[in-house]
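Chemist: A predicted structure for the sequence below; I have some questions about it.
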Amino acid sequence: MVRLISIGTGYRAITVGVMQFQQLQYFVAVAETRHFTRAAEVVHVAQPSLSQQIRSLERELGADLFLRARGNITLTDAGEALLPLARRILADADTARQEVHELAQLKSGRVRLGATPSLCTGLLPDVLRTFHDRYPGIRLMIEEGGSHDLVRELARGALDLALVVLPLPAPAPALTTVELLREDLVVVSSPDAPQPGRGRSVRISDLEGERLVMFRHGYDLRELTVAACRAEGFEPDFAVEGGEMDAVLGFVRAGLGVAVVPHMVATRVGADLRVTPLARPGLHRTIALAHRSDVAPPRAARELQRMLLER
């Protein structure tokens with residue numbers, strides 16, 4: 001059972017007494033499927049029983065959670081207010097179960113780690129290989145995404161840890177962050193194309209007139225590169241845009257343009273790409289390891305956290 005204090009609905013505060021986790025599971029299933037019968041199938045219960053539990057929850061809350069019309073189930077204001085809280089409670093309960101059921105000496109369990117695609121390419125392979133060799137019974141569940149997406153997933157309890165780019169997007173939830181590394185950015189280009197800039201380094205101003213291969217919207221590297229170009233007084237020219245890290249590197253190899261990428265990624269690209277550093281002061285990004293401030297990561301996640309910080 002769980003006790004909630006109050007839920008703001010935009011119109012009034014609903015005082016919530018004691019409710020069952022099962023009721024929250026049923027409520028979330030209906031909210032996500034927008035259908036009572038399909039929700040009952042998802043949670044493996046008879047539809048009448050599910051409906052009865054939802055009605056019991058609504059009586060406990062003193063408010064309807066759903067607007068019920070033939071073929072159209074929608075959330076009320078109270079339902080919209082309860083949904084993120086219910087998801088978080090269920091996620092925390094699942095994490096607690098995982099923690100309790102871990103065997104001694106980290107022989108079983110899981111770690112849910114979020115990271116940007118560039119970090120999945122550059123930083124994580126070696127660290128995860130060491131972690132897996134030491135704790136082969138621990139399941140590693142990796143989610144790739146931009147910092148905005150990962151912060152949201154941390155806040156709702158879907159991740160234990162995340163590697164994010166600082167500063168965190170505003171408004172950021174209550175997260176604890178520990179700076180992990182500060183990384184230089186470099187320019188990559190096709191060896192068959194003219195080298196951007198002059199000499200052994202590239203200034204940001206040298207990118208004016210260059211065709212850039214650009215990451216998708218919401219990607220930290222896109223925002224950093226575009227902001228640097230605008231600070232130099234020009235708007236970057238995109239040859240192609242919208243890709244993730246592997247796609248961007250592939251487009252550069254094909255000679256479509258140049259790209260600004262992390263140095264850690266550039267060290268792994270091989271001889272089929274030319275890597276040129278940015279002239280001082282250059283561009284940098286700060287990577288931090290984040291987790292929710294109100295919930296300690298599970299034991300296995302804490303061990304991975306330690307290995308990342310000591311790498």
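Modeler: Great, that's in hand.

Chemist: Nearest the geometric middle of the protein, what residue?
Modeler: For the chain, the residue nearest the mean C-alpha position is residue 150 (1.9 Å; Cα atoms, centre = their mean).

Chemist: Just the element for that residue, please.
Modeler: Using DSSP states H and E, the element containing residue 150 is helix 147-155.

Chemist: average model confidence for the one helix or strand residue 239 maps to?
Modeler: Secondary structure from DSSP H and E places residue 239 in strand 237-243. Computed over strand 237-243, the mean pLDDT rounds to 91.

Chemist: Repeat that for stretch 276-294.
Modeler: For stretch 276-294, the mean confidence score works out to 92.

Chemist: repeat for stretch 252-262
Modeler: pLDDT averaged over stretch 252-262 gives 93.

Chemist: hang on, the earlier thing: identify all contacting residues around the strand holding residue 239.
Modeler: Residues outside strand 237-243 that contact it (Cβ atoms under 8 Å, 6 or more residues apart in numbering) are 209-217, 222, 250-251, 256-257. Using the backbone N, CA and C atoms, a C-beta is placed for each residue, glycine as well.

Chemist: Switch those over to JSON lines; also include distance to residue 115 and secondary structure.
Modeler: Output for the contacts of strand 237-243, formatted as JSON lines (distance: Cβ to Cβ, whole Å; DSSP: H, G, I helix; E, B strand; the rest coil):
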{"residue": "209", "distance to residue 115": "34", "secondary structure": "coil"}
{"residue": "210", "distance to residue 115": "29", "secondary structure": "coil"}
{"residue": "211", "distance to residue 115": "29", "secondary structure": "strand"}
{"residue": "212", "distance to residue 115": "24", "secondary structure": "strand"}
{"residue": "213", "distance to residue 115": "22", "secondary structure": "strand"}
{"residue": "214", "distance to residue 115": "21", "secondary structure": "strand"}
{"residue": "215", "distance to residue 115": "15", "secondary structure": "strand"}
{"residue": "216", "distance to residue 115": "16", "secondary structure": "coil"}
{"residue": "217", "distance to residue 115": "19", "secondary structure": "coil"}
{"residue": "222", "distance to residue 115": "17", "secondary structure": "helix"}
{"residue": "250", "distance to residue 115": "20", "secondary structure": "helix"}
{"residue": "251", "distance to residue 115": "22", "secondary structure": "helix"}
{"residue": "256", "distance to residue 115": "26", "secondary structure": "coil"}
{"residue": "257", "distance to residue 115": "26", "secondary structure": "coil"}
